[in-house]
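Participant: 3D, please:
(2 chains)
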Amino acid sequence: MQSSGVGNCPNILAMMKSCGFPFLTIVTMRGEWGEFNPWQLPMGQTTAPTLELAGCAVYRAETPEAVAPAVEAAGRLAFDAGAMAAVLIAQKLIGTKNFKD
Amino acid sequence: MADTPTLDRRNVVARLLADRGELLVVAGLGAPAWDCTAAGDHPLTFPLWGGMGAAAMMGLGLARAQPGRRVLVITGDGEMLMGLGSLATIGVQAPGNLAVVVLDNERYGETGMQATATAHGVDLAATALACRFRSAAVVRTESELAAALGPIRTAPGPLLCQVKIRADKLALVLPPREGAQLKNRFREALLGPRAFA
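Facilitator: Residues are numbered from 1 along each chain as shown, chains lettered A, B, ... in the order given. You can find the predicted model right below:
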C-alpha cells in the first residue's frame, strides 16, 4: 500500500496486536521527499511511527539494492517469528511524482 | 420502509450453526458474536471483539487459506456497512467456499440503537450482487430463512444473505476475549499439531 493507506489501518493493526497475528506490509512512501501534494505530508511523515506504535518492526529501503534484503528480513519476522513487520520503500527511491506527465 | 421484521436473531443463528460439522465461522463484533456464543461457544468460531469492518475480509482470508472448508461470516449491518469495500474485493476474488450472513436489525446496537443506512433502504444483497457475488438475497420471513439455510452451507460462493431481524436488546452471552487464545484454539482445532509447528 501507499503511506497514506497506513493512516486507514490503525484499528485493524490493533486487532493484529491483540490476537498476535503475523503481518507483513510493503509501503511505498509519499510525503517525505520533494512532495508536491501537501495532503500527503501528514501521513507520509508519521507512517513509520504509526506502524511502530501498532507494534510493527519497520525497515526502510533507500536504494534498489536494499529492497530485497529488507523484504526478506521482514518476511522472516512475519512468517517465521509470527510478528508484525513493515518495509517502507523511500520516495527518493521510487521517484517523486511531478504531476506534469 | 418494509414491514417490521419478525425473525429472532438468536434463533436465526442457532439454526445457521446447528450440526455445523467442519464449518469455519467468523463472528462480527457486537451482538452477532454474542449470538454465535449463545448458540454454543466453539473453537472453530472466531468471535471478533474489535476490528469493526473487517469480518468479511477475515472470512475471505480464511476461505482462501482453506479452500476445502466452508467459511461462514456472521456479522451485523453496521459492521458490514463499515467494510462495504470488502464486498468488491470478495466479488473479484470469488471464493466459492465463502458465505456471508448479515444480521440486519437496521441499528447500531452497541452504541444506542441509532439507525444504520439499511434503515434508510440501502440494500446489502443488491450491493453484493453488483459486486459480482455469485448469489445474494434478503430474507424476511420464516419460510425464506428455511429456504436459505441449505444454500448458505453448500451453494457456490461468494454468497451473501441479508437477514432482517427484530431490533431486540438481548442478554449478553460473551465468548472468551483473549485474542491470542481465540486464534490459537481456532488454529489448533483446524490444523492439529501443525498449528504450533
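
Participant: show me where chain B has strands.
Facilitator: Counting by DSSP state E, chain B has strands at residues B:24-27, B:45-47, B:71-76, B:98-104, B:107-108, B:114-115, B:135-139, B:159-164.

Participant: of all the residues in chain A, which ones are close to chain B?
Facilitator: A:N11, A:I12, A:A14, A:M15, A:S18, A:C19, A:G20, A:F21 (Cβ under 8 Å from any Cβ of the partner chain). Any C-beta I mention is one placed from the backbone N, CA and C, and that applies to glycine too.

Participant: Mind checking which of these are buried?
Facilitator: The neighbour-count test (16 or more other Cβ atoms under 10 Å in any protein chain shown) marks A:I12, A:A14, A:M15, A:S18, A:C19, A:G20, A:F21 as buried among those.

Participant: Filter these down to just the ones in helices.
Facilitator: Those of these mapping onto helices are A:I12, A:A14, A:M15, A:S18, A:C19, per DSSP state H.

Participant: Next, count neighbours for the closest residue to the third one other than its chain neighbours.
Facilitator: Looking back up the chat, that one is A:M15. Among residues not flanking A:M15 along the chain, B:G51 sits closest, at 3.7 Å (Cβ to Cβ, 6 or more residues apart in numbering or on different chains). Residues near B:G51, counting by other Cβ atoms under 10 Å in any protein chain shown, number 23.

Participant: re earlier: how about the ones in helices among the buried ones among the residues of chain A next to chain B in JSON lines, adding pLDDT?
Facilitator: Converted to JSON lines, these look like this (pLDDT from 0 to 100):
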{"residue": "A:I12", "pLDDT": "95"}
{"residue": "A:A14", "pLDDT": "96"}
{"residue": "A:M15", "pLDDT": "96"}
{"residue": "A:S18", "pLDDT": "96"}
{"residue": "A:C19", "pLDDT": "97"}
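
Participant: Present those residues as TSV; the columns should include distance to B:D3.
Facilitator: As requested, those are exported to TSV (distance: Cβ to Cβ, whole Å):
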residue	distance to B:D3
A:I12	37
A:A14	39
A:M15	37
A:S18	40
A:C19	40
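
Participant: Enumerate the residues of chain B near chain A.
Facilitator: B:L48, B:W49, B:G50, B:G51, B:M52, B:G53, B:A54, B:G179, B:A180, B:L182, B:K183.

Participant: Go ahead and flag the most central residue of chain B.
Facilitator: Closest residue to the average C-alpha location of chain B: B:I74 at 1.3 Å, with Cα atoms, centre = their mean.

Participant: Next up, the contacts around that residue.
Facilitator: B:I74 sits next to B:V13, B:L16, B:V25, B:V26, B:A27, B:G28, B:P32, B:D35, B:C36, B:V101, B:L103 when contact means Cβ atoms under 8 Å, 6 or more residues apart in numbering or on different chains.

Participant: That one and A:K97: what is the separation?
Facilitator: 43 Å (Cβ to Cβ, to the nearest Å).

Participant: now swap in B:R69 and tell me
Facilitator: 43 Å.

Participant: pull the CA atoms of the one helix or strand in chain A whose mean pLDDT sits lowest into CSV?
Facilitator: Here the helix or strand of chain A ranked lowest by mean pLDDT, DSSP states H and E is helix A:91-94, holding a mean of 93. Provided in CSV are the C-alpha atoms of helix A:91-94 (Å, rounded to 0.1, in the frame of the first residue of the first chain):
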residue,chain,number,x,y,z
GLN,A,91,10.0,8.2,-2.0
LYS,A,92,13.5,9.1,-3.0
LEU,A,93,13.9,5.6,-4.4
ILE,A,94,10.6,5.3,-6.3
